[in-house]
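Undergrad: Output the structure for:
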Amino acid sequence: MRVALVINTSWNIWNFRASLVRALQAAGHEVLAIAPPDDYSQRLETELGCRYVPILMENKGTNPVKDALLTRRFYQIYRRERPDVVLHYTIKPNIYGSIAARAAVIPSINNVSGLGTAFIVKNLVSRVVLGLYRIAFRFPHKVFFQNGDDRQLFLENGLVKANITDLLPGSGVDTKRFRPAAAFVRQTPFVFLMVARVLYEKGIVEYFEAAKLVRQAVPGTRVQLLGGLDEAGGVGVARATFEEWLKAGNIEYLGRSDDVAAHIHQADCVVLPSYREGTPKTLLEAAACGKPIVTTNVPGCRETVQDGHNGYLCQVRSGPDLAAKMLQVLQLSGADLQHMAQASRQLAETKFDEQIVLQKYLDAVAAVRPRQSAPAKS
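TA: Sure thing, here's the model as predicted:
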């Protein structure tokens, strides 16, 4: 079968779906990668071996004219490439790609990997997005959710029928690639790490506030941030503002990296104070590497922490409470910190191994009846 993966960036396919591409190929499927062009687009072909198909897509905003044009672009690509099934990820492919796939008479499988700003901020835009989901989600063959809260929200709002939904443990994590270090080492000074784009909804303001409080309580503590700036759509922190924050000296900004695991291994604890997630890949990678986690008690994040066992849950949008939980981890004995690290690894192995995700996708694709060629007219 010809399987198309459709996501809002090529970077996303490369970083989060490479294992799925390989699993589909190993099962004998041809894989198309459909996404806007970026620095990772050619790597999808040269290193993953799937054919890359570019599409113009703005990730933010709900301009009706632009969205109608996007739906048309999806439809044109689907009609030209004729995939047997389309796997949609992120909001715009999930909505407009589903409508286009229906028009092109191609089955689709959707993945709700997070609800985004439209569900965090209640306004006119959020109501429009709800309406669009209600229309588009009549059509998919299956809809995967990454946590039970998101699925329940969609069901309660009548956005999707329960019989086509299923749950995944996030994107899963490659527990062979992400492994604990050979020997447990507590860093001196202690190191906290946040891995996320510099977006308000990731809790970046609270992280800066907590860093100041933690370093006041325990001078010399290192508080790091790994992730790119994203000023698009008004949800990211402006570069000038961000650079001004850094001048306080409480955060070490590491920029972007293709080797996240190397940075996780150099940290004692991984932190993510996000407002809401699907299931954050970075926390799954941290757990697989055997790191204690501090994150918010919100859908998507709380699934990665058994409070007091492999980390701590903090209040959302509260810098002081985030700082308090970070200090709890910092003040643990070496033995207790190691116990938390082992608990994180065990959780990754038993609940979040990517093989669970890959098998569910392979089963879902196999359940789609291959498109039959139309009989020739006499």
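Undergrad: Going by C-alpha atoms from here, please, whenever you check contacts or count neighbours.
TA: Noted.
Undergrad: got a list of what residue 140 touches?
TA: 98, 107, 108, 109, 110, 164 (C-alpha atoms under 8 Å, 6 or more residues apart in numbering).
Undergrad: For residue 292, state which of the residues you listed is nearest.
TA: Closest approach to residue 292 among the contacts of residue 140 (C-alpha to C-alpha): residue 110, at 31.5 Å.
Undergrad: Is it correct that that closest one falls within a strand?
TA: Yes. Counting by DSSP: H, G, I helix; E, B strand; the rest coil, residue 110 is part of a strand.
Undergrad: Could you report the neighbour count for residue 244?
TA: Around residue 244 there are 11 other residues, counting by other C-alpha atoms under 10 Å.
Undergrad: so it, which of the three states?
TA: Per three-state DSSP, the local secondary structure of residue 244 is helix.
Undergrad: Give the residue spans of the stretch 51-200 of the chain that score low on pLDDT.
TA: For the stretch 51-200 of the chain, applying pLDDT under 70 flags the ranges 60-62, 116-123.
Undergrad: how about the strands in it?
TA: In the stretch 51-200 of the chain, the strands defined using DSSP state E, counting those that start in this stretch lie at 51-54, 85-89, 108-112, 142-145, 165-167, 191-195.
Undergrad: Give me the neighbour count for residue 47.
TA: By other C-alpha under 10 Å, the residues close to residue 47 number 10.
Undergrad: that older thread, ok, and the most crowded of the contacts of residue 140?
TA: Within the contacts of residue 140, most neighbours by other C-alpha under 10 Å means residue 98, with 31 neighbours.
Undergrad: Redo the strands of the stretch 51-200 of the chain as CSV? Include distance to residue 320.
TA: Shown next, in CSV, are those (distance: least, C-alpha to C-alpha, whole Å):
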stretch, distance to residue 320
strand 51-54, 44
strand 85-89, 35
strand 108-112, 31
strand 142-145, 31
strand 165-167, 33
strand 191-195, 16
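Undergrad: Of all these, which one is nearest residue 231?
TA: Residue 231 sits nearest to strand 191-195 of all the strands of the stretch 51-200 of the chain, at 17.1 Å, using C-alpha to C-alpha.
Undergrad: ok, then the element right after the closest one?
TA: Toward the C-terminus, strand 191-195 is succeeded by helix 204-217 as the next helix or strand (DSSP states H and E).
Undergrad: what's next to the helix or strand following that following helix, contact-wise?
TA: Under the assignment DSSP H and E, the closest C-terminal helix or strand after helix 204-217 is strand 222-226. Applying C-alpha under 8 Å, 6+ apart, the contact partners of strand 222-226 are 189-197, 211, 215, 250-257.
Undergrad: Counting neighbours, which of those residues end up buried?
TA: Neighbour-count burial (16 or more other C-alpha atoms under 10 Å) applied to the contacts of strand 222-226 gives 190-197, 211, 215, 250-251, 253.
Undergrad: Show me which of those residues is closest to residue 51.
TA: residue 197 (27.6 Å).
Undergrad: if we can go back for a sec, Serialize the contacts of residue 140 to JSON lines and add fields for distance to residue 322.
TA: Converted to JSON lines, the contacts of residue 140 look like this (distance: C-alpha to C-alpha, whole Å):
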{"residue": "98", "distance to residue 322": "39"}
{"residue": "107", "distance to residue 322": "44"}
{"residue": "108", "distance to residue 322": "40"}
{"residue": "109", "distance to residue 322": "37"}
{"residue": "110", "distance to residue 322": "34"}
{"residue": "164", "distance to residue 322": "38"}
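Undergrad: what does the domain assignment say about this structure?
TA: Here the domain parsing of the chain from automatic domain parsing is 2-172+354-367, 191-351.
Undergrad: which of the ones you listed sits most buried?
TA: domain 191-351 (a mean of 20; mean count of other C-alpha atoms under 10 Å).
Undergrad: ends of that domain, how far apart?
TA: 26 Å (C-alpha to C-alpha, to the nearest Å).
Undergrad: now stretch 77-95
TA: 16 Å.
Undergrad: Run the chain-centre distance for that stretch.
TA: A distance of 19 Å separates the C-alpha centroid of stretch 77-95 from that of its chain, computed with C-alpha atoms, centre = their mean, to the nearest Å.
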